[in-house]
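Asks: curious how this folds, go ahead:
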Amino acid sequence: MMSGLPDINSPTLLAGKHVLVLNWRDVQHSQAGGAEQYMHEISKRWVQNGVQVTWFTGRDDGQSPEDVIDGIRILRGGGALSTYGHAALRLLRNGGQFDAVVDCQNGIPFFSPLFLPRDLPIIQVIHHVHQEQFRTRFSPPMAAVGRFLESSGAKTVYGKRSIVAVSPSTRLELRKLGFSGPVHVVPNGTIDIPDEVAARAPHPTIAVVSRLVPHKRLDLLMGQFAVAVRSIPKLRMDIVGDGPERARLQQLATDLGLDHEVTFHGYQPNEVRDRLLSRAWLTASTSASEGWGCSVIEAAAWGVPCLALRVPGIRDSVVEGRTGWLVDTPQEFGAAMVEALTALSEPDSEALVSAECREWARCFTWDRSTRLLTGAVLEEEKIRRDGADAGWCHSDLSTLARFVLPEDADLQSILHRTDEVAVADDGHVAVLMKGRDEFEAFAAMQKIGVTSAELRSAGRTALLAGPGSAFAPADALDGQ
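Replies: Below you'll find the model as predicted:
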């Protein structure tokens, strides 16, 4: 950050505080996934900046009741459902020792406000809404209970406490459920961007990194891949990952006559996964819904575009026409796959898309995610301390402002902790002002003597990319 610009959401601002994280799994749980990585990476960086972090979480077979991972204290107890009772008892006994709580909701909330002081800052982190998954995975009575707890139950207990969503899609789904309080968008980080990408495979190759579970719908992908194989000579697909669907998917590949075209690699260490990704022409997603497309961004880091269905979460992680292509219906997927691979067979097109993918992936770092979640915690702390209802937080509008900062201007005086500040390529200051429309942003600029500023509405891509990215001004009319 340019010298003299305000550091409004540095994790050092939480130094000396004790933050509690509630999550049903820790990063070493056998079923840990992207949600656990998200909170672990941020917790690790908090610890590195002088924050004491404790997790209350479930206990997997073979795990000890207490542990320390990357400086994070882990207290384990209970299984997939009983961990909520264990956490409640711990909160009743020890809740007063914490300065802030990050309550990670994985379908079933911890309902932490019931067991903690009213003035304690509590932030919910929600990756995606589970209403449809409850219907497909549980009996009708249990699904109804799950839907109630995630919606009406959570709204009653948490009230208008702040929520962090990992994507605009998740925020929109929360609004549809009637959550009316602040919902801040804090996207996932991703792997380090490699300095250079390897030569891609000589023949068209699709690489998919995924857990093999029903809602990822790899059976749909394989059916459409079978359509594309008829038109693309020597087309291959590598599937990296494991899960309960593996045997069924392998049998499906045999039934479709794809034994030689599809390779199931199972779970692989990062270096093997990255080698397979780096040689791919394309990655693909036919998931029903996601909070965010972690595997999409990981592929983009290697210069690999994505073809995906236009569903929540995934539609946020693909910049259509620049880092991949979105398809409206499953029936169109096979034909779209042929079109994408045909376009990528042109060297100039492949090089341009690869560069766009890598630039997009650079927008998502764990350091940035840490700063944004820090800002959300600090804003909620201010609301609890002042006893105020921060109405600006309730707006999902954001504005990107670019301007020359006068020497004597007090920029920090008009910023919220959740705003982002950067220096634009032309040397101007760029600010992504959250919860404010263009008129409100203009009024704020005038307060510090900025009379000439470029202001534009920040849509989905700009909000995710941040103010310093080449993608930031690309979507003034992009919907949320």
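
Asks: please enumerate the strands of the stretch 51-200 of the chain.
Replies: Applying DSSP state E, counting those that start in this stretch to the stretch 51-200 of the chain gives strands spanning 52-57, 66-69, 72-76, 100-105, 122-126, 163-165, 183-185.

Asks: distance between the ends of stretch 15-23?
Replies: 22 Å (C-alpha to C-alpha, to the nearest Å).

Asks: buried residues in it?
Replies: For stretch 15-23, burial by neighbour count (16 or more other C-beta atoms under 10 Å) applies to 17, 19-23. All C-beta atoms are positioned from the backbone trio N, CA, C, and that covers glycine.

Asks: ok, stretch 135-152 next?
Replies: Neighbour-count burial for stretch 135-152 flags 143, 146-147, 149-151 (criterion: 16+ other C-beta under 10 Å).

Asks: quick one: residues contacting Ser167.
Replies: 185, 187, 291-292, 312-313, 316-317, 464 (C-beta atoms under 8 Å, 6 or more residues apart in numbering).

Asks: top of the residues you listed by neighbour count?
Replies: Ranked by neighbour count (other C-beta atoms under 10 Å), the contacts of Ser167 have Ser317 at the top, with 30 neighbours.

Asks: wait, what's in contact with that one?
Replies: 167, 292-293, 296-297, 306.

Asks: what residue of this protein is the furthest out?
Replies: Computed with C-alpha atoms, centre = their mean, the maximum C-alpha offset from the centroid of the chain is found at Asp408, amounting to 37.3 Å.

Asks: chain neighbours aside, what residue packs nearest to that one?
Replies: Closest residue to Asp408 apart from its sequence neighbours, by C-beta to C-beta, 6 or more residues apart in numbering: Gly449 at 7.6 Å.

Asks: put the alpha carbons of the helix-or-strand element of the chain with minimal mean pLDDT into PDB.
Replies: Lowest by mean pLDDT, DSSP states H and E among the helices and strands of the chain is helix 131-137, with a mean of 76. Taking only C-alpha atoms (Å, rounded to 0.1, in the frame of the first residue of the first chain), the coordinates of helix 131-137 have been written out as PDB:
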ATOM      1  CA  GLN A 131     -31.900 -25.000   1.600                       C
ATOM      2  CA  GLU A 132     -31.900 -27.200  -1.500                       C
ATOM      3  CA  GLN A 133     -29.200 -29.600  -0.100                       C
ATOM      4  CA  PHE A 134     -31.400 -30.300   2.900                       C
ATOM      5  CA  ARG A 135     -34.200 -31.400   0.600                       C
ATOM      6  CA  THR A 136     -31.900 -33.800  -1.400                       C
ATOM      7  CA  ARG A 137     -29.900 -35.300   1.500                       C
END
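
Asks: okay, the angle between the longest helix that the chain contains and strand 100-105?
Replies: In terms of residue count, the longest helix belonging to the chain (DSSP state H) is helix 366-386. Computed by axes from the mean of the first three to the mean of the last three C-alpha atoms, to 10 degrees, the angle separating helix 366-386 from strand 100-105 equals 110 degrees.

Asks: pLDDT averaged over helix 366-386 - what is it?
Replies: Taken as a whole, helix 366-386 carries a mean pLDDT of 94.

Asks: by contact count, what packs against that helix?
Replies: helix 34-48, strand 100-105, strand 122-126, strand 183-185 (3 or more C-beta pairs under 8 Å, 6 or more residues apart in numbering; DSSP states H and E).

Asks: so which residues make contact with the helix or strand following that helix?
Replies: Using DSSP states H and E, the next helix or strand after helix 366-386 towards the C-terminus is strand 398-403. By C-beta under 8 Å, 6+ apart, the surrounding residues in contact with strand 398-403 are 424, 428-438, 440-441, 445, 450, 452-458, 462-463, 467, 472-473.

Asks: show me where the stretch 151-300 of the chain has its helices.
Replies: For the stretch 151-300 of the chain, the helices defined by DSSP state H, counting those that start in this stretch cover 154-158, 168-176, 218-229, 246-255, 270-278, 294-301.

Asks: what residues sit buried inside the second one?
Replies: Of the residues in helix 168-176, those buried by neighbour count under the rule 16+ other C-beta under 10 Å are 168-174.

Asks: what's next to that helix, contact-wise?
Replies: Outside helix 168-176, the residues that touch it by C-beta under 8 Å, 6+ apart are 126-129, 131, 163, 165, 183, 185, 291-292, 312-313, 315-316, 396, 460, 463-464, 480.

Asks: right, and Val208 touches Leu249 too?
Replies: No: with contact defined as C-beta atoms under 8 Å, Val208 does not reach Leu249; the gap is 10.8 Å.

Asks: which residues do the two both contact?
Replies: Shared contacts of Val208 and Leu249, defined by C-beta under 8 Å, 6+ apart, are found at 218, 239.

Asks: those two: which is more packed in?
Replies: For Val208 versus Leu249, neighbours defined as other C-beta under 10 Å are more numerous around Val208 (27 against 19).

Asks: state the distance from the more buried one to Ala430.
Replies: 36 Å (C-beta to C-beta, to the nearest Å).

Asks: how many neighbours does the closest residue to Arg279 other than its chain neighbours have?
Replies: In space, and not counting its chain neighbours, Arg279 is closest to Ala201: 4.5 Å by C-beta to C-beta, 6+ apart. Neighbour count of Ala201, defined by other C-beta under 10 Å: 17.

Asks: I'd assumed Ser278 was in contact with Ala201.
Replies: No: Ala201 is not in contact with Ser278 according to C-beta under 8 Å; the separation is 9.6 Å.

Asks: excluding its backbone neighbours, what's nearest Ser398?
Replies: What sits nearest to Ser398 in space, not counting adjacent residues and going by C-beta to C-beta, 6+ apart, is Ala458, at 4.1 Å.

Asks: and the pLDDT for that neighbour?
Replies: On the pLDDT scale, Ala458 gets 92.

Asks: list the buried ones in stretch 34-43?
Replies: 34-36, 38-43.

Asks: and the two most separated of the residues you listed?
Replies: For the buried residues of stretch 34-43, the farthest-apart pair by C-beta to C-beta is Gly34 and Ser43; their separation is 14.7 Å.

Asks: if we can go back for a sec, which of the contacts of strand 398-403 fall in strands?
Replies: Counted as lying in strands by DSSP state E, out of these, are 429-434, 453-457.
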